[in-house]
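Participant: I would like the atomic coordinates for the input below:
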Amino acid sequence: MTDEKNDDRRIHQAACHCGTVRFSVCLADGLRTARRCNCSLCRMRGAVAVSANLSDITITQGAEALTLYQFNTHEAKHYFCSKCGIYTFHQRRSTPTQYGVNVACIEGMSPFDFPELPVYEGRSHPKDRVGGGVTLAGWLRYEMSS
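Facilitator: Sure, this is the predicted structure:
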C-alpha cells in the first residue's frame, strides 16, 4: 500500500460495482481500522471494512438507489446499491458516530491489499456482552500464490 492510501485526511472516491452509487469518504484513521467481523451478516457479505465519521461521507450520486437493511436490534444501518447489490457502508452499532465502509468500493483499493486482517467477534456484539469491548475472534490472512 502506498503512503497516499494511509493519509488519514485524504478524501477518497468510492462507488458500488455498477457505479450508480458514488460517494467521497475521508477515513477516520486511514487503513488502520481495516477489519472483518464474524457476525451473521458479515460472514455472508465477506467485506473488509474501514471506519469513517458520519460527517466524512458525502454521497455524490445515486442516494435514491441506496437500500437500507437492518436486522436483530435494528441499530446498525447497512446500505446497499439497489441495482448491483453491493454493500457500500453501514452506520455502526458499536460506534454509532461512524460508518464502516466497504474498502472494495474505494478507488484503487482491494480487500486483497491486506496480507493480514483482524476478525472481530460479532456473533456476540460488544453492546450485548457484560463489560462490552471489542473481542478478537481471529485473523484472516491472504497470501498471493507465486
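Participant: What about the closest residue in space to Ala28 that isn't next to it in sequence, how many residues nearby?
Facilitator: With CB to CB, 6 or more residues apart in numbering as the criterion, Ala28 has its nearest non-adjacent residue at 4.3 Å, and that residue is Ser51. The way it works is simple: take the backbone N, C-alpha and C, and place the C-beta from them, glycine included. The number of residues packed around Ser51, counting by other CB atoms under 10 Å, is 23.
Participant: May I see the buried residues of the helix or strand hosting Ser51?
Facilitator: Using DSSP states H and E, Ser51 sits in strand 49-53. Going by neighbour count (16 or more other CB atoms under 10 Å), the buried part of strand 49-53 is 49-52.
Participant: sorry, back to before: residue contacts, the residue nearest to Ala28?
Facilitator: Under the criterion of CB atoms under 8 Å, 6 or more residues apart in numbering, the contact partners of Ser51 comprise 27-29, 33, 92, 95, 98-101.
Participant: how far out from the middle of the chain is the helix or strand just after the strand holding Ser51?
Facilitator: Stepping forward along the backbone from strand 49-53, the first helix or strand reached (DSSP H and E) is strand 57-61. Its chain's C-alpha centre lies 16 Å from the corresponding centre of strand 57-61 when counted by CA atoms, centre = their mean, to the nearest Å.
Participant: After strand 57-61, which helix or strand is next? Please name it.
Facilitator: strand 66-69.
Participant: who does that next one touch, helix- and strand-wise?
Facilitator: Helices and strands touching strand 66-69, by 3 or more CB pairs under 8 Å, 6 or more residues apart in numbering; DSSP states H and E, are strand 77-81.
Participant: got the angle between the strand it packs on and strand 57-61?
Facilitator: What separates the directions of strand 77-81 and strand 57-61 is an angle of 30 degrees, with axes from the mean of the first three to the mean of the last three CA atoms, to 10 degrees.
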